[in-house]
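>>> Here is a sequence together with a model predicted from it:
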Amino acid sequence: MIQFDQKALRDCIKDAVREELHLFISDVKHTSDNTENRSSEKLLTKKEMADELDISLVSLTEWMKQGRIPYMRMGKRIYFKKQEVVASMAGFNRNKGGK
């Protein structure tokens, strides 16, 4: 049977807890960094999105009606996430045989 004195046992427990906390904190930081990156993306207005895509507001509205680009409505306002729109357009062009 292995015997520990109180100090050795206390140090062993401290080291084990410290290591587990370090792993837990690293995991939490990694998760929160990914969440912040996703949620910190700036929302674009219709005008800003049309300017980014170099199209008219009329074309943008038509694409919205056709379901070609994702958008979100907050109250009476409409917003876009640029990365989602670009990804959607790339998928739309690939699926429809676009140029």
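That came in fine, so what should we check first? Numbers count the residues shown, from 1 in each chain.

>>> Dihedrals phi and psi, the residue lying closest to L57 once chain neighbours are set aside?
In this structure, L57 finds its nearest non-sequential neighbour in A50, 5.1 Å apart by C-beta to C-beta, 6 or more residues apart in numbering. (C-beta placed from N, C-alpha, C; glycine too.) For A50, the backbone dihedrals (degrees, to the nearest 10) come out as phi -60, psi -40.

>>> buried stuff in the lengthiest strand in the chain?
Longest among the strand segments of the chain by residue count, using DSSP state E, is strand 77-81. By 16 or more other C-beta atoms under 10 Å, the buried positions in strand 77-81 come out as I78, F80, K81.

>>> low-confidence ranges in this protein?
1, 32-40, 92-99 (pLDDT under 70).

>>> now the helices for it?
6-39, 46-53, 57-66, 82-96 (DSSP state H).

>>> most packed of the ones you listed?
Compared across the helices of the chain, helix 46-53 shows the largest average neighbour count, a mean of 16 (mean count of other C-beta atoms under 10 Å).

>>> okay, that helix in CSV with CA atoms only?
The C-alpha coordinates for helix 46-53 follow below in CSV (Å, rounded to 0.1, in the frame of the first residue of the first chain):
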residue,chain,number,x,y,z
LYS,A,46,-29.8,46.5,-48.3
LYS,A,47,-27.8,49.5,-49.7
GLU,A,48,-24.5,48.3,-48.3
MET,A,49,-25.1,44.7,-49.6
ALA,A,50,-26.0,46.1,-53.1
ASP,A,51,-22.8,48.1,-53.1
GLU,A,52,-20.8,45.1,-52.0
LEU,A,53,-22.2,43.0,-54.8
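
>>> other SSEs contacting it?
In terms of contacts (3 or more C-beta pairs under 8 Å, 6 or more residues apart in numbering; DSSP states H and E), helix 46-53 is packed against helix 57-66, strand 77-81, helix 82-96.

>>> now the angle between helix 57-66 and that helix, please.
Compare the direction of helix 46-53 with that of helix 57-66 by axes from the mean of the first three to the mean of the last three C-alpha atoms, to 10 degrees and you get 100 degrees.

>>> Can you check what angle separates helix 46-53 from strand 77-81?
On the basis of the same axes, to 10 degrees, helix 46-53 is oriented at 30 degrees to strand 77-81.
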